[in-house]
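> only the shape, not the letters, is given here:
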């Protein structure tokens with residue numbers, strides 16, 4: 001089997017035309033015609049991800065975040081990107097990224113988060129680029145933040161709101177919060193926004209509108225899709241070995 005067969009399937013699942021204009025997705029390094037027997041799934045292309053691939057005999061690393069983003073001017077090993085890419089190429093390993101084109105598929109990041117939190121009927125919130133909304137049994141913000149930390153395996157949670165505030169309707173948007181989602185959120189009756197990153201002034205703005213914000217970390221809110229992606233790829237390519245690399249943060253739900 002060739003690497004191009006795996007990446008071609010990923011292109012079908014997450015069409016490149018769905019990626020944001022600023023993004024860089026697809027094969028970023030390597031030979032698509034090379035044979036593949038194992039793949040590493042990782043949120044980022046790091047030294048640890050490359051070492052994981054080398055030790056497991058993997059020929060391909062599939063990442064969410066592209067390491068070549070906005071262009072690079074050098075592959076010098078004096079830079080961290082240069083070191084990683086030179087090591088990757090010398091090792092004969094290819095790299096493929098599916099970033100915002102995957103984000104636009106709520107089945108992965110956002111639905112996976114909602115499911116980990118026990119949501120029964122999560123749904124896409126119209127008017128947002130990506131994001132899932134669900135209702136839950138009422139509980140305090142204090143209880144909710146503890147549940148989020150445990151469910152996502154987050155190293156910590158940030159909120160500026162009163163811990164006794166009541167939570168019932170939640171909007172989830174993994175990774176970084178898209179401020180363009182605010183109008184739809186205000187119209188939906190959501191009382192809490194959960195994301196990986198939210199700017200402080202946006203937290204203040206939403207609080208003034210009666211909406212809580214819960215920040216669980218970029219990695220914690222996105223790495224949760226890795227197991228789901230592994231299952232999808234394993235079902236399509238049962239002869240291949242798929243290994244998840246979690247870098248420094250591991251999810252308790254994996």
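Now that the structure is in, tell me what you want to look at. Quick caveat: nothing in here was measured; it's all calculated off a predicted structure.

> so how far is residue 124 from residue 114?
The gap separating residue 114 from residue 124 is 11 Å, by C-beta to C-beta, to the nearest Å. For the C-beta atoms, the positions are set from N, CA and C on the backbone; glycine is no exception.

> what's the answer for residue 97, then?
For residue 97, the distance to residue 124 - C-beta to C-beta - is 23 Å.

> so which of the two has more stuff around it?
residue 97 (26 against 14; other C-beta atoms under 10 Å).

> re earlier: which neighbours do residue 114 and residue 124 have in common?
Taking C-beta atoms under 8 Å, 6 or more residues apart in numbering as the contact criterion, the residues that touch both residue 114 and residue 124 are residue 132.

> all strands of the stretch 101-250 of the chain, in order?
123-124, 132-140, 166-176, 192-197, 212-215, 241-245 (DSSP state E, counting those that start in this stretch).

> which one, of these, ends up nearest to residue 108?
strand 166-176 (8.7 Å; C-beta to C-beta).

> list the helices and strands that closest one packs on?
In terms of contact count using 3 or more C-beta pairs under 8 Å, 6 or more residues apart in numbering; DSSP states H and E, strand 166-176 is assigned the packing partners helix 109-116, strand 132-140, helix 141-152, helix 182-188, strand 192-197, helix 218-222.

> just send the ones you listed back as a markdown table, with mean neighbour count, mean pLDDT and distance to residue 54 too.
Shown next, in a markdown table, are those (neighbours: other C-beta atoms under 10 Å; pLDDT from 0 to 100; distance: least, C-beta to C-beta, whole Å):
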| stretch | mean neighbour count | mean pLDDT | distance to residue 54 |
| --- | --- | --- | --- |
| helix 109-116 | 25 | 89 | 28 |
| strand 132-140 | 17 | 96 | 36 |
| helix 141-152 | 19 | 96 | 29 |
| helix 182-188 | 16 | 97 | 44 |
| strand 192-197 | 24 | 97 | 29 |
| helix 218-222 | 24 | 92 | 22 |
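
> right, and these - which one's nearest residue 239?
helix 109-116 (25.6 Å).

> quick one: residue 40 is in a helix?
No - secondary structure of residue 40 (DSSP: H, G, I helix; E, B strand; the rest coil): strand, not part of a helix.

> quick revisit: tabulate the strands of the stretch 101-250 of the chain (TSV), appending distance to residue 41.
Shown next, in TSV, are the strands of the stretch 101-250 of the chain (distance: least, C-beta to C-beta, whole Å):
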stretch	distance to residue 41
strand 123-124	24
strand 132-140	22
strand 166-176	16
strand 192-197	18
strand 212-215	25
strand 241-245	5
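
> so for residue 50, which of these sits nearest?
strand 241-245 (9.2 Å).

> that closest one pairs with which strands, and in what direction?
Next to strand 241-245 in the sheet, as set by DSSP bridges, lie strand 38-42 (parallel).

> for the partner strand, buried residues please.
39-42 (16 or more other C-beta atoms under 10 Å).

> ok, for residue 228, nearest residue in space, not its chain neighbours?
By the measure of C-beta to C-beta, 6 or more residues apart in numbering, the closest residue to residue 228 outside its immediate chain neighbours is residue 112, 5.4 Å from it.
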